[in-house]
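Undergrad: only the shape, not the letters, is given here:
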């Protein structure tokens, strides 16, 4: 392939005229055939244009750079570099300056903000984004099918590991106070756990995700946290009861408010670390506009202890869905899963719980468990429900919560456990090392929080600073404006 800019331009002009001729002479071709052909040829044309860009920039000799010790670096040679883009792979040579006592550098690398490895920022963006949704092998297959680029699973793993390194810093630098349009008066913190299948490394150096044939250990718990604000949602016990039992809603019921400025995170570093970070983020979101602070959990005592310790100003609320699940289990044990009495039984006790009468429900369940006609299975089911309710009684004042318009369900974090962890980390045959799993959890949380574009811009600027010790050639957010102007 030519490295002469004039020859490249002439070839591109010829290729473009061939494209025009192809389209004009397509009377017998189908739309699908033409579209596929155009896409493939435009990718090839894009590769040539990118090559021309690099050759044009590399043709200009930079000013003599100064080393860290203050001495000029003389020109040494022109050094080639590989660049793997969404259009394909190319190489070009740039000026290299070197002194024995001061080392060497290529000034053009910083001017172009070239990545540490050969993969372009855009290709890495696409690699990481798609990898956070499906298996690495699926991402590799998809990119090869669409772009014609071949990427190994190991390359995708390394990209995810490297490009998830700035997630914590990204959230720390966000504005502490959201815009006025995104403020709710209730600040809500939620936490829940979900297992990630891990592997036991057998060598000092192991890949980030291992296959089926290697030794498996127990799952390691990922603690998922959610933080958001929301407006009050006033409803009655009957309103909630109807929703939980899938009964028709009343026509005059107000529209449920949406969580605002939702931030999802997930960590394998344990409950204390997860809740500590949650508390730090919550403190930044607090302010005069916050009238209530609510923390929701599913009843896991270790998480509740951490929340009470690190978020002492928050009212701890037990998730109503788990409360309901225990009632269903007891009803099934007493009357049978298909009995017509099962739903009315649950409805009767659930209505009382939502009305603030949980202590009375516990008393009645104890009486049921002590009845002589109960068998061992029924007693065990009732005792389990009683124990769960008794331990969580301080967090079950649902009449008060509903009167204040507070949320009483952990749907946000429960959904996050499914979306962030289970849907990606527990696909068939998957095993993870801690480093690989944490990087994936970080990037997946960024994506599901709707922060991907903002994070990637931030990450590219931080990566440039790490590599070259200077600010990115384009200030933050200017690049997106350039793209808009170009469009």
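TA: Structure received. Keep in mind that what you see is a predicted model, and the values were worked out from it rather than measured. Residues are numbered from 1 along each chain as shown.

Undergrad: now residue 161: phi and psi?
TA: Note on residue 161: its backbone torsions stand at phi -60, psi -40 [degrees, to the nearest 10].

Undergrad: likewise the one 3 residues further on?
TA: As for residue 164, its main-chain torsions (degrees, to the nearest 10) stand at phi -100, psi 10.

Undergrad: please name the residues that touch it.
TA: Contacts here follow CB atoms under 8 Å, 6 or more residues apart in numbering; on that basis residue 164 touches 128, 438-440, 442-443. Heads up, the C-betas are built off the backbone N, CA and C, glycines and all.

Undergrad: kindly report the same for residue 409.
TA: 296, 319-321.

Undergrad: among those residues, which are in helices?
TA: The members of those that map onto helices under DSSP state H are 320-321.

Undergrad: show the pLDDT at the most far-flung residue of the chain relative to its centre.
TA: Residue farthest from the centre of the chain, counting by CA atoms, centre = their mean, is residue 372 at 52.6 Å. Confidence at residue 372, expressed as pLDDT, is 94.

Undergrad: part of a strand, is residue 117?
TA: No - membership of residue 117 in a strand is not supported by DSSP: H, G, I helix; E, B strand; the rest coil, which gives coil.

Undergrad: look up how far residue 128 lies from it.
TA: Residue 117 sits 13 Å away from residue 128, taking CB to CB, to the nearest Å as the criterion.

Undergrad: show me which of the contacts of residue 164 are buried.
TA: Buried by 16 or more other CB atoms under 10 Å: 128, 438-440, 442-443, out of the contacts of residue 164.

Undergrad: in a helix, the residue farthest from the centre of the chain, correct?
TA: No - following the definition three-state DSSP, residue 372 is coil and is not counted among the residues of a helix.

Undergrad: contacting residues around it?
TA: Applying CB under 8 Å, 6+ apart, we find residue 372 in contact with no residue.

Undergrad: now the helices for the stretch 1-150 of the chain?
TA: Taking DSSP state H, counting those that start in this stretch to define them, one finds helices in the stretch 1-150 of the chain at 5-24, 31-59, 107-112, 121-131, 136-147.

Undergrad: give me the contact list for the fourth one.
TA: Residues outside helix 121-131 that contact it (CB under 8 Å, 6+ apart) are 84-86, 113, 115, 119, 138-139, 142-143, 149, 151, 155-156, 159-160, 163-164, 440, 443, 447, 452, 456, 460.

Undergrad: strands - which of these land there?
TA: Among those, the subset assigned to strands under DSSP state E consists of 84-85.

Undergrad: and which of the contacts of residue 409 is nearest residue 407?
TA: Each of the contacts of residue 409 was scored against residue 407 by CB to CB, and residue 296 proved nearest at 6.7 Å.

Undergrad: wait, doesn't the closest one sit right on residue 413?
TA: Yes - distance between residue 296 and residue 413: 7.3 Å, which falls inside the contact criterion (CB atoms under 8 Å).

Undergrad: between these two, what contacts are shared?
TA: When contacts are counted by CB under 8 Å, 6+ apart, the set common to residue 296 and residue 413 consists of residue 190.

Undergrad: and this structure, what are its domains?
TA: The chain resolves into domains spanning 175-417, 461-487 when parsed by automatic domain parsing.

Undergrad: turn those domains into JSON lines, columns for distance to residue 26.
TA: Compiled in JSON lines, those are given as follows (distance: least, CB to CB, whole Å):
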{"stretch": "domain 175-417", "distance to residue 26": "45"}
{"stretch": "domain 461-487", "distance to residue 26": "27"}
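
Undergrad: most packed of the ones you listed?
TA: When those are scored by mean count of other CB atoms under 10 Å, the highest mean neighbour count falls to domain 175-417 (a mean of 17).

Undergrad: ok, the residue nearest to residue 393 when sequence neighbours are not counted to residue 152 distance?
TA: The spatially closest residue to residue 393, leaving aside those adjacent along the chain, is residue 358, at 6.0 Å (CB to CB, 6 or more residues apart in numbering). Taken as CB to CB, the spacing of residue 358 relative to residue 152 amounts to 56 Å.
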